[in-house]
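**Q** generate a structure from the sequence data that follows.
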Amino acid sequence: MNYITTIDGKEFNVEIVDEKCVRVNGQELAVDFQSVSGQPVFSLLIGGKSYEAYIYPDERDWQVLLRGRLYQASVEDEREKRLKTAAGSGEGAGGEYHLKSPMPGLVVAILVSDGQTVEKGQTLLILESMKMQNELKAPRAGTVQRIRVKPGETVEQKANLLSIV
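**A** Residues are numbered from 1 along each chain as shown. Modelled structure (predicted):
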C-alpha cells in the first residue's frame, strides 16, 4: 500500500513493502517499529540505528517527537489524496491550532507571549520529560493566543499548552 506522508510541509511517498521493509521516495529501508508497553512511545530501528519516538494523534494529523524535535505529520493513502485533489478540498492555514503536550513533563520556559506573531518553526516553549528538554515549535505562522500553562508547571500528555490563530 502507498501513502503520501507530509511532514512539516514536505511530501514523502511511503510504500509498505512488508512488516520489516518500507520504501520512502523509492529508497528501500529495513525497519523495526515497536510500541513500548502500550504507551505512545515507539522504538524505531532504521538501517541499524535506534530511535525513540513519541507519537500521538492531533486534531487532524499526528504529532511526532523525535530526537527532541516536534514534527507535524499527515498521512493519506493515494486514493484519499486523489479524491481530495479532484474535489479541490485543499486545507487552508486558517483556523485555530492547539499545541498539545506530546508527553507528560515540566514546562521549563515559554518563549512567546499572548498576541505575539510567530513564524512556522519558531520555538514556542520548552518541555522537559525524562531528563530531556524538548523544543515545541510552531507548525505554522500565526498569532499566539491563550497560553494555558506557566513555567514550572507539570503537564499531562495531550494537555492543551497554547493556541495559534
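**Q** and the residue positioned nearest the centre of the chain, what are its bridge partners?
**A** Taking Cα atoms, centre = their mean as the criterion, Gln63 is the residue nearest the geometric centre of the chain, at 2.3 Å. Gln63 has these beta-bridge partners by DSSP bridges: Tyr56, Gln72.
**Q** which residue ranges of this structure form helices?
**A** Counting by DSSP state H, the chain forms helices over residues 78-87, given from the N-terminal end onward.
**Q** point to the helix or strand of it where mean pLDDT is at its lowest.
**A** In the chain, the helix or strand scored least confidently by mean pLDDT, DSSP states H and E is helix 78-87, which has a mean of 61.
**Q** where in this protein is pLDDT low?
**A** Counting by pLDDT under 70, the chain contains low-confidence ranges at 59, 79-94.
**Q** what residue spans form the domains of it?
**A** With automatic domain parsing as the criterion, the domains of the chain are listed as 2-87, 97-164.
**Q** ranking those by burial, who's on top?
**A** Among the domains of the chain, ranked by average contacts under mean count of other Cβ atoms under 10 Å, first place goes to domain 97-164 (a mean of 16). Every residue, glycine included, has its C-beta placed from N, CA and C.
**Q** ends of it, how far apart?
**A** Here the two ends of domain 97-164 are set 5 Å apart, with distance taken as Cα to Cα, to the nearest Å.
**Q** now that domain: how far from the chain's centre is it?
**A** 13 Å (Cα atoms, centre = their mean, to the nearest Å).
**Q** separation between Cys21 and Lys49?
**A** Using Cβ to Cβ, to the nearest Å, Cys21 is found at 16 Å from Lys49.
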